[in-house]
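Asks: structure for this input, please:
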Amino acid sequence: MKRWLSGRPEVTSTRLAVLAGFFFALAANAPFLSAVLAGRDPWAPASWLFALAMLVALAAVHILLLSLVTVRPLAKPLLALLLVATAFATYYMQRFGIFLDPTMLRNVLKTHPAEAGELFGWGMLPHLLLFAGLPLLVLWRVRLQRQPWGRALAWRLATAAGSAALLVGALLLVFQDFSAQMRNQKEVRYLITPANFIYSAARVAVDSTREAQVARTPVGVDARLDASWATRSKPALLVLAVGETARAANWGLNGYARQTTPQLATRDVINFRDVTACGTNTETSLPCMFAPVGRRDYDERRIRTGESLLHLLNRAGFQVLWRDNQSGCKGVCDGLAAQQLDNAELPEWCDGGRCLDEVLLQGLDTIARDAKGNLVVVLHMLGNHGPSYYKRYPEAFRRYTPTCDTGELRQCSREQIVNAYDNALLYTDHVLAKTIDFLQSQSSRYDTALVYVSDHGESLGEKGLYLHGVPYAIAPDEQTKVPMIWWLSRGYTASFGLDTDCLKREASRAQAHDNLFHTTLGLLQVQAREYEPSLDITRTCRR
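Replies: Numbers count the residues shown, from 1 in each chain. Next up, the predicted model:
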């Protein structure tokens with residue numbers, strides 16, 4: 001003991017793996033233990049037995065993993081990396097209630113640098129010092145003993161075998177409870193840290209490699225304009241606005257206590273009150289909503305390796321342009337015209353690192369003027385992306401106060417968070433209203449229309465959850481229910497034979513991201529073999 005306190009203790013790399021495994025089990029798995037113990041009687045002996053078995057299993061699984069890879073030259077650098085990564089992971093898991101499954105990790109790895117920067121703050125420093133700084137200090141003081149390779153291998157294999165046996169024994173001790181928990185709450189396995197992000201990182205790396213090696217499956221190879229286009233006197237201009245993190249619960253047109261959509265309320269829009277998103281993060285929802293198959297028949301690999309609605313429209317003769325004020329199109333616009341505007345040099349809308357969403361409207365008149373024939377423009381908005389909601393709108397839209405003016409949401413009251421979020425919705429309302437005004441100004445040349453839908457929702461503290469990205473199977477409505485509105489010019493409804501009263505009736509029924517692909521084909525009267533009439537909202541509303 002004296003040597004541990006005064007000198008630099010010596011341990012073998014295998015023993016260091018064992019110590020690290022116990023540390024991770026005890027220090028990094030509060031969210032997992034809280035989830036699996038929820039609802040149990042804290043004074044019942046069975047609850048104590050289950051908790052003890054879970055702790056032993058957590059230690060065993062991490063000892064097993066670490067004993068296989070912590071060879072002497074790599075032991076300290078590898079553990080140092082794991083300690084830092086685990087400290088960050090546990091901070092965000094505890095603060096925002098996130099699960100580090102492969103989908104979430106993919107979303108994290110592809111987050112815009114400016115967004116990622118907003119997730120860092122001084123408030124995380126105490127957590128990092130305790131869960132990374134202190135263990136790193138201990139790790140630095142430890143000296144690794146040299147062992148003959150045969151003895152080191154024997155100890156490593158014995159440790160791996162022993163931890164595997166301990167893991168099996170601990171789970172068998174509470175197998176009935178544990179198996180029921182895993183059947184009913186499969187997602188809790190993504191709270192086991194650091195095993196969760198190690199597994200998820202490996203999955204993302206393998207899947208990304210496979211996707212990069214596979215050519216995108218063509219969509220709409222037979223796409224063509226319907227015969228009705230022969231009698232049409234004007235080309236069409238459709239704007240597809242993809243919102244970011246707008247949730248239906250706070251949407252003024254849906255009957256929210258606050259009118260967060262005052263300008264849209266005066267624009268004669270068709271509001272869809274019950275729309276379900278395909279995912280709970282952009283990385284999932286964006287490719288899914290533009291794919292012919294969505295959540296109803298979800299196949300992530302098929303979606304990511306296939307072309308999108310935009311490729312089909314381009315084959316049918318539409319000029320397609322993606323304008324982005326976010327983190328890219330996630331493959332949806334690959335090979336098509338695209339403009340990244342989030343770092344535009346427009347001081348009125350941009351501060352050098354981020355732009356407000358009105359930047360998406362700059363130059364649209366020139367694009368419309370120079371287009372030849374039918375035009376589809378996608379506006380990928382920054383919207384309400386958290387946690388820094390207060391940065392998503394100009395000062396003129398700071399209507400609800402006091403606001404949460406930090407990315408450290410837990411430092412704010414729920415009222416402050418909701419106020420900042422609602423102010424951002426007010427600004428989205430303003431941007432969409434300006435988009436409609438622009439489309440009206442083009443009515444002499446085009447039949448114009450706007451479709452707006454958010455990619456996913458957001459938790460604002462309900463059930464202890466913040467932001468988004470909860471696994472879909474257990475995600476709350478706040479993250480899966482999103483707003484959607486349409487605006488169709490009179491020329492558009494007349495030219496395409498659409499009955500707006502009928503569309504408003506359809507808007508009162510439950511819809512989903514799954515409808516977007518097929519409804520857009522119906523709106524533009526484009527034929528393709530992928531088109532499914534039953535998913536086209538306009539099908540029964542055409543005269």
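
Asks: what about R445, how many neighbours?
Replies: The number of residues packed around R445, counting by other Cβ atoms under 10 Å, is 13. Bear in mind the C-beta positions are built from the backbone N, C-alpha and C, glycine included.

Asks: give the contact list for it.
Replies: Taking Cβ atoms under 8 Å, 6 or more residues apart in numbering, we find R445 in contact with 234-235, 368.

Asks: thought Q259 was touching A265?
Replies: Yes. Taking contacts as Cβ atoms under 8 Å, Q259 lies within contact range of A265: 6.8 Å.

Asks: any shared contact partners between these two?
Replies: G252.

Asks: quick check, nearest of the contacts of R445 to Q185?
Replies: A368 (50.7 Å; Cβ to Cβ).

Asks: the closest one contacts L237, correct?
Replies: Yes. Between A368 and L237 there is a contact under Cβ under 8 Å: 6.2 Å.

Asks: need the residues touching each of these two.
Replies: With contacts taken as Cβ under 8 Å, 6+ apart, A368 and L237 have 375, 442, 446 as neighbours in common.

Asks: same for the helix or strand in which N107 is found, what does it pack against?
Replies: When elements are assigned from DSSP states H and E, N107 belongs to helix 102-109. In terms of contact count using 3 or more Cβ pairs under 8 Å, 6 or more residues apart in numbering; DSSP states H and E, helix 102-109 is assigned the packing partners helix 195-213, helix 282-289.

Asks: now do the buried residues in that helix.
Replies: Residues of helix 102-109 classed as buried: 102-108 (neighbour count, 16 or more other Cβ atoms under 10 Å).

Asks: before we move on, back to that, format the shared contacts of A368 and L237 as TSV; extra columns: distance to D274.
Replies: Compiled in TSV, the shared contacts of A368 and L237 are given as follows (distance: Cβ to Cβ, whole Å):
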residue	distance to D274
L375	30
Q442	31
Y446	31
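
Asks: most neighbours per residue, which of the helices and strands packed on helix 102-109?
Replies: Among the helices and strands packed on helix 102-109, judged by mean count of other Cβ atoms under 10 Å, the one packed with the most neighbours on average is helix 282-289 (a mean of 26).

Asks: which other helices and strands does it contact?
Replies: helix 102-109, helix 300-304.

Asks: ranking those by mean pLDDT, which is last?
Replies: Ranked by mean pLDDT, those bottom out at helix 102-109, with a mean of 82.

Asks: just the angle between that helix and helix 195-213, please?
Replies: Angle, helix 102-109 to helix 195-213, by axes from the mean of the first three to the mean of the last three Cα atoms, to 10 degrees: 80 degrees.

Asks: tell me how far helix 102-109 lies from the chain's centre.
Replies: In terms of Cα atoms, centre = their mean, to the nearest Å, the centre of helix 102-109 is set 8 Å apart from its chain centre.

Asks: before we move on, what about stretch 453-468?
Replies: In this view, stretch 453-468 has its centroid 10 Å away from the chain centroid, taken as Cα atoms, centre = their mean.

Asks: with just CA atoms, put stretch 344-354 into PDB.
Replies: C-alpha atoms of stretch 344-354 as PDB (Å, rounded to 0.1, in the frame of the first residue of the first chain):
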ATOM      1  CA  ALA A 344     -21.600  31.800 -46.700                       C
ATOM      2  CA  GLU A 345     -20.000  35.200 -46.600                       C
ATOM      3  CA  LEU A 346     -23.200  37.100 -46.000                       C
ATOM      4  CA  PRO A 347     -22.800  39.200 -42.800                       C
ATOM      5  CA  GLU A 348     -26.600  39.900 -42.600                       C
ATOM      6  CA  TRP A 349     -27.300  36.200 -42.100                       C
ATOM      7  CA  CYS A 350     -23.900  34.600 -41.200                       C
ATOM      8  CA  ASP A 351     -21.500  35.200 -38.300                       C
ATOM      9  CA  GLY A 352     -18.500  33.400 -39.800                       C
ATOM     10  CA  GLY A 353     -19.300  30.000 -38.400                       C
ATOM     11  CA  ARG A 354     -23.000  29.600 -38.800                       C
END
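
Asks: which positions within that stretch qualify as buried?
Replies: Within stretch 344-354, the residues that qualify as buried by neighbour count (16+ other Cβ under 10 Å) are 344, 349-350, 354.

Asks: re the thing from before, between A368 and L237, which one's more packed in?
Replies: The residue with more neighbours, out of A368 and L237 and counting by other Cβ under 10 Å, is L237; that gives 26 against 19.

Asks: phi, psi for the more buried one please.
Replies: Dihedral angles phi and psi of L237 (degrees, to the nearest 10) take the values phi -130, psi 110.

Asks: mind listing what the residue nearest to L264 when sequence neighbours are not counted touches?
Replies: In space, and not counting its chain neighbours, L264 is closest to D429: 5.3 Å by Cβ to Cβ, 6 or more residues apart in numbering. Under the criterion of Cβ under 8 Å, 6+ apart, the contact list for D429 reads 252, 260-264.

Asks: which single one of these is nearest to A433?
Replies: Compare each of those with A433 using Cβ to Cβ and the shortest gap goes to Q263, at 3.6 Å.

Asks: the closest residue to R296 other than its chain neighbours and A158: what is the separation?
Replies: Sequence neighbours aside, D514 is the residue nearest to R296 in space, at 5.3 Å (criterion: Cβ to Cβ, 6+ apart). Per Cβ to Cβ, to the nearest Å, D514 is found 53 Å from A158.

Asks: comparing these two, which shows the higher neighbour count?
Replies: Taking other Cβ under 10 Å, D514 and A158 do not tie; D514 has more neighbours (22 against 12).

Asks: contacting residues for that one?
Replies: 278, 294-296, 535.

Asks: now do D437 against L488, distance only.
Replies: With the distance defined as Cβ to Cβ, D437 ends up 15 Å from L488.

Asks: give me the more crowded residue out of the two.
Replies: Each of D437 and L488 has its neighbours counted (other Cβ under 10 Å); L488 has more, 24 against 12.

Asks: isn't the more buried one up against D268?
Replies: No. Under the criterion of Cβ under 8 Å, L488 is not in contact with D268, lying 9.1 Å apart.
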